[in-house]
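Trainee: how would this look folded up:
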Amino acid sequence: MNYTHPLPSLEQIPLPPEQVVEALPQGLVVIDKQGRLQWYNHQFLELHPGLAGRGEILTGIALHDLFAQAVKAGDYVASTPPLGALLSESRTGSDIGRGDTEGCFLLGDGRWVQVQGRPLSQGRILTWIDVTTLKERERALELQWRESEYYAYRDGLTGLPNRQLVEDRLSRSCTQARRQEGVVAVMFLDLDGFKPINDTYGHATGDRVLQAVAERLLHSFREEDTVGRMGGDEFVGIFELDTKRSRTAAIRIATVLLETVLREIPVQGRRVSLSGSVGIALCPWDGVGVEKVLECADRALYRAKAQGGNTYMFWDGTATELLGDPY
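Mentor: So this is what the prediction gives:
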């Protein structure tokens, strides 16, 4: 059995064509080859409250002049090309181009409208479509993407760079150091006595301590330095140093790390005391690859902890004082 039926012609539709056009949700405009308005429907006026009361007086106005009036009335806030080219052609009175036109306008009331133009034999027909809901969905999706992109490289508890971002930044810093004959200090910081805090006060308190340490570290160094969390109670710092007296600079940074951790941390009405151990590796002297430099810093950290904590150690096994810098 054939269920298809021939479509009715426009003449067979009960409503006259004028009523059909007026019933459409889109605003419609017809302009001539010089960009002057020849016809428009009621929906177009509803999108332009500043022009709605003018009625037939809009007919014959150049599209560019119409938009200038709409902007002055507060109907439009911003637009995107290529509509600008179409408006420019309308302003000069030249023949409107034959290609398709599409762009978006932000209305004064916060709505977005998409304008599409198609050529006619003696001008162009333009449609105004309210795409506010679509724009809001796009913004929501973009925000979700940015958040997912951000958190893909951030530690979920502290917001610091995670291991993946740390390794990426270290790779760039080491490459730059080799090219410019600089030095990069990589420092692992481990919190001494953190496990008893977790065991005594619970993991929620432990998490707040980690967050407090992370915030302090962020405010203790330059914006161009990297402070990240490798996991657990282990943090890492990447610091680009001048070749001259770089070891002395590394010692000063390690001292700041230790002093930052030593300050008491107020948590839930109690004050928690910690200390830290720092392991230091210098690129390119201790290695040039990311894995090698991180491995050296990690081993230096264990040497510092073996000394009882609250100290720093270089990968070469020294805990050099500020004087007598061999580098």
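Trainee: Stretch 191-205 - what's its average pLDDT?
Mentor: For stretch 191-205, mean pLDDT is 90.
Trainee: out of all of them, which helix in the chain is the longest?
Mentor: Longest helix of the chain, by residue count under DSSP state H: helix 132-151.
Trainee: List the buried residues for that helix?
Mentor: K135 (16 or more other CB atoms under 10 Å). For every residue, glycine as well, the C-beta is placed using N, CA and C.
Trainee: just checking, next helix/strand downstream of it?
Mentor: Next helix or strand after helix 132-151 toward the C-terminus (DSSP states H and E): helix 163-180.
Trainee: elements contacting the following helix or strand past that following helix?
Mentor: Using DSSP H and E, the next helix or strand after helix 163-180 towards the C-terminus is strand 183-192. Secondary-structure packing of strand 183-192 (3 or more CB pairs under 8 Å, 6 or more residues apart in numbering; DSSP states H and E): helix 163-180, helix 203-218, strand 234-241, helix 246-262, strand 275-283, helix 290-306.
Trainee: Count the neighbours of D199 for me.
Mentor: Under the neighbour criterion other CB atoms under 10 Å, D199 is assigned a count of 10.
Trainee: Run through the neighbouring helices and strands of the helix or strand containing it.
Mentor: Secondary structure from DSSP H and E places D199 in helix 194-201. Secondary structure elements in contact with helix 194-201, counted by 3+ CB pairs under 8 Å, 6+ apart, are helix 203-218, strand 270-272.
Trainee: can you list the ones you listed in TSV and add mean neighbour count?
Mentor: Below are the helices and strands packed on helix 194-201 laid out as TSV (neighbours: other CB atoms under 10 Å):
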stretch	mean neighbour count
helix 203-218	17
strand 270-272	13
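Trainee: looking at this protein, which helix or strand does the model trust least?
Mentor: helix 83-92 (a mean of 56; mean pLDDT, DSSP states H and E).
Trainee: Adjacent strands (with direction) for the helix or strand that that one is followed by?
Mentor: Toward the C-terminus, helix 83-92 is succeeded by strand 101-107 as the next helix or strand (DSSP H and E). Here strand 101-107 has these sheet partners by DSSP bridges: strand 76-79 (antiparallel), strand 112-120 (antiparallel).
Trainee: weakest of the ones you listed by average pLDDT?
Mentor: strand 76-79 (a mean of 60).
Trainee: Which strands and helices lie in contact with the helix or strand that contains I125?
Mentor: Following DSSP H and E, one finds I125 within strand 123-130. Applying 3+ CB pairs under 8 Å, 6+ apart, one finds that strand 123-130 contacts strand 27-32, strand 112-120.
Trainee: Just the angle for the first one relative to strand 123-130, thanks.
Mentor: The one in question is strand 27-32. Strand 27-32 runs at 160 degrees relative to strand 123-130, counting by axes from the mean of the first three to the mean of the last three CA atoms, to 10 degrees.
Trainee: tell me the mean pLDDT over the next helix or strand after strand 27-32?
Mentor: Following strand 27-32 in sequence order, the next helix or strand is strand 37-40 (DSSP H and E). Averaging pLDDT along strand 37-40 yields 84.
Trainee: do stretch 143-155 as well
Mentor: For stretch 143-155, mean pLDDT rounds to 80.
Trainee: What of stretch 245-253?
Mentor: Per-residue scores along stretch 245-253 average to 90.
Trainee: Tell me how many other residues crowd the nearest residue to A212 once chain neighbours are set aside.
Mentor: Nearest residue to A212, sequence neighbours excluded (CB to CB, 6 or more residues apart in numbering): I265, at 4.7 Å. For I265, the count of nearby residues is 19 (other CB under 10 Å).
Trainee: I265 contacts L274, correct?
Mentor: Yes. Using CB atoms under 8 Å, I265 is in contact with L274, at 7.0 Å.
Trainee: so what sits against both of those two?
Mentor: V209, V213 (CB atoms under 8 Å, 6 or more residues apart in numbering).
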